[in-house]
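Colleague: With the sequence up front, the predicted model follows.
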Amino acid sequence: QGSVYEAGLRGEKPSIPYSYEAWEELAHEKLPKTSWGYIHGSAGAGTTDQANKDAFKRWGIIPSRLIPTVRPDLTTAVLGRQLAYPIALAPVGVHSIFHPDKEFAVAKAAEEVGVPYTMSTASSTSIEDAAAANSNGERWYQLYWPQKEHDSITKSILKRARASGFTALVVTLDTYILGWRPCDLDTGYNPFLIADTTGVAIGMSDPVFREQWAADHGGKYPDDESQLKESAPYWDRVVFPGVSHSWEDLKFLKENWDGPIVLKGIQTVRDAKKAVEAGMDGIIISNHGGRQVDGCVPSLDCLAPIVDAVGDKLDVMYDSGVRTGSDVIKALALGAKLVFIGRPYIYGLAIGGQEGVKHVLGAILADLDLTLQLSGISSVKSQDLNRDCIQRIPT
Ligand code: FNR
């Protein structure tokens, strides 16, 4: 992350700007309406998305002085893995609508920066191809869990992900149907059909639909995806709508995944405790960046009570609304062990492909490093960064 910051100090005029607001603006300029609506849009009136960002403003960092700190220690241990930084890439679907280098650019950038890449089930590349682009990286696989009658597909996905070196499984629990998203409804965009950067459907997201399509059509997914056109409504047979799973069914995933399992989308202490009972290794406190339930409680407000209830039993991680280094600090101070970045890196992808993603991650890490130093916090470990470092700002 040093080079991003040093280039700024040397007064070099950057090809990519440094603030979240500028990334958002530039991505808006570059992207066609459909892609922009999908990334920028939220559920309903966008209330939850806004609330996620506002929640960070209600906490202030309290700097301490004359603490000998040369460079803060940013390393962290999560899910039994040693990580260089306390941030990771949140799973985001269909990168092909943001940049022609799609998941390859993101997987490679994550590897080069040294942060975990979480691959979405709704990706526009195969599991194997994304893994090859991240061969020396830390990679986790996010599962949109197919309905029970498709257990064989789930098994196949898990097998392929494990064989491709994905170490942790992230199971998203909040998206068994898509939220009410006016932006996507206006453009007629369905993220479970792969589109090119102009929004034209060119195939199905891998692997759930591809596998089912292949199984139903003689075992082979077509090389020429135009053959899929007539099967456009096909997708809702496989994952959506509704949920057929219960907490009991997590046993199935445990039996079929030989590695840590993380539940994404937890918002309540009750569900966090159920995750512990089910033998999960981690949870991600998330409301999907405000894309599912409009008028939902801000994700940040759910964090501390959950950490207090189960933080010593599994790894509590966080996403939704993280935009800057100080946001990362606040989530860590409230007890998260790892913080996922969502929209910002996709704006980087839209602006500059692999380099754009690297730039955004480098900027957030440089900001984190500097803000820790200026706050007198010498590491991201809980003995140095905890609730004593922040205070509630009265509203
Ligand atoms: C997402 N998110 C998401 N989550 C998931 O588990 N699987 C997925 O395929 C996707 N796809 C997706 C697409 C887009 C365009 C966005 C913006 C988000 C949710 C994501 O992992 C994360 O929870 C949020 O992005 C975090 O909120 P912020 O950082 O975007 O505010």
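Modeller: Everything's here; your move. It should be emphasised that the depicted structure is a prediction, and the values quoted were computed from it without experimental measurement.

Colleague: Looks like residue 306 contacts residue 285 (just checking).
Modeller: Yes: counting by CB atoms under 8 Å, residue 285 is a contact partner of residue 306 at 5.9 Å. Bear in mind the C-beta positions are built from the backbone N, C-alpha and C, glycine included.

Colleague: Find residues that contact each of those two.
Modeller: When contacts are counted by CB atoms under 8 Å, 6 or more residues apart in numbering, residue 306 and residue 285 are jointly contacted by 266, 316.

Colleague: So the two - more neighbours on which side?
Modeller: Between residue 306 and residue 285, counted using other CB atoms under 10 Å, the more crowded position is residue 285 (29 against 25).

Colleague: Assign residue 391 to helix, strand or coil.
Modeller: Taken by DSSP: H, G, I helix; E, B strand; the rest coil, the conformation at residue 391 corresponds to strand.

Colleague: Now do the contacts for it.
Modeller: Applying CB under 8 Å, 6+ apart, the residues near residue 391 are 59-60, 62.

Colleague: from the residues you listed, which single one is nearest the ligand?
Modeller: Nearest to the ligand, judged by CB to the nearest ligand atom, of the contacts of residue 391 is residue 59 at 16.4 Å.

Colleague: Based on its surroundings, how many neighbours for the closest one?
Modeller: 20.

Colleague: Repeat that for residue 100.
Modeller: As a burial measure, residue 100 scores 11 neighbours (other CB under 10 Å).

Colleague: Can you list phi and psi of it for me?
Modeller: phi -60, psi -20 (degrees, to the nearest 10).

Colleague: One more: residue 135?
Modeller: According to degrees, to the nearest 10, residue 135 has phi -60, psi -30.

Colleague: That one and residue 182: what is the separation?
Modeller: Separation of residue 135 from residue 182 (CB to CB, to the nearest Å) stands at 40 Å.

Colleague: quick one, which of those two is more surrounded?
Modeller: Comparing residue 135 with residue 182 by other CB under 10 Å, the one with more neighbours is residue 182, at 15 against 12.

Colleague: out of the contacts of residue 391, which are inside strands?
Modeller: Cross-referencing these against strands under DSSP state E gives 59-60.

Colleague: For residue 130, state which of the contacts of residue 391 is nearest.
Modeller: Nearest to residue 130, judged by CB to CB, of the contacts of residue 391 is residue 59 at 35.2 Å.

Colleague: Run through the residues that contact the closest one.
Modeller: Residue 59 sits in contact with 300, 330, 333-334, 390-393, where contact means CB under 8 Å, 6+ apart.

Colleague: Kindly recompute the last result at 10 Å.
Modeller: When contacts are counted by CB atoms under 10 Å, 6 or more residues apart in numbering, residue 59 is found next to 300, 326-327, 329-331, 333-334, 387, 389-393.

Colleague: State the distance from it to residue 301.
Modeller: For residue 59 relative to residue 301 (CB to CB), the value is 10 Å.

Colleague: Give me the average confidence score over the longest helix seen in the chain.
Modeller: The single longest helix within the chain, with elements called by DSSP state H, is helix 343-374. For helix 343-374, mean pLDDT is 97.

Colleague: Mind checking if it is in reach of the ligand?
Modeller: Yes: applying CB under 6 Å from any ligand atom, one finds helix 343-374 in contact with the ligand at 343, 346.

Colleague: List the buried residues in that helix.
Modeller: By neighbour count with 16 or more other CB atoms under 10 Å, helix 343-374 contains the buried residues 343-369, 371-373.

Colleague: Over to stretch 277-286?
Modeller: For stretch 277-286, the neighbour count (16+ other CB under 10 Å) marks 278, 280-286 as buried.

Colleague: for that stretch, how far is the first residue from the last?
Modeller: Taking CA to CA, to the nearest Å as the measure, stretch 277-286 stretches 20 Å from start to finish.

Colleague: go on, stretch 244-263?
Modeller: For stretch 244-263, the first-to-last residue distance is 16 Å (CA to CA).

Colleague: Tell me the buried residues in that stretch?
Modeller: 245, 250, 252-253, 256-257, 259-263.

Colleague: wait, isn't residue 74 in contact with residue 113?
Modeller: No: counting by CB atoms under 10 Å, residue 74 stays clear of residue 113, with 11.9 Å between them.

Colleague: Could you tell me which residues touch both of the two?
Modeller: Common contacts of residue 74 and residue 113 (CB under 10 Å, 6+ apart): 1, 84-85, 87, 365.

Colleague: Nothing else from me, thank you.
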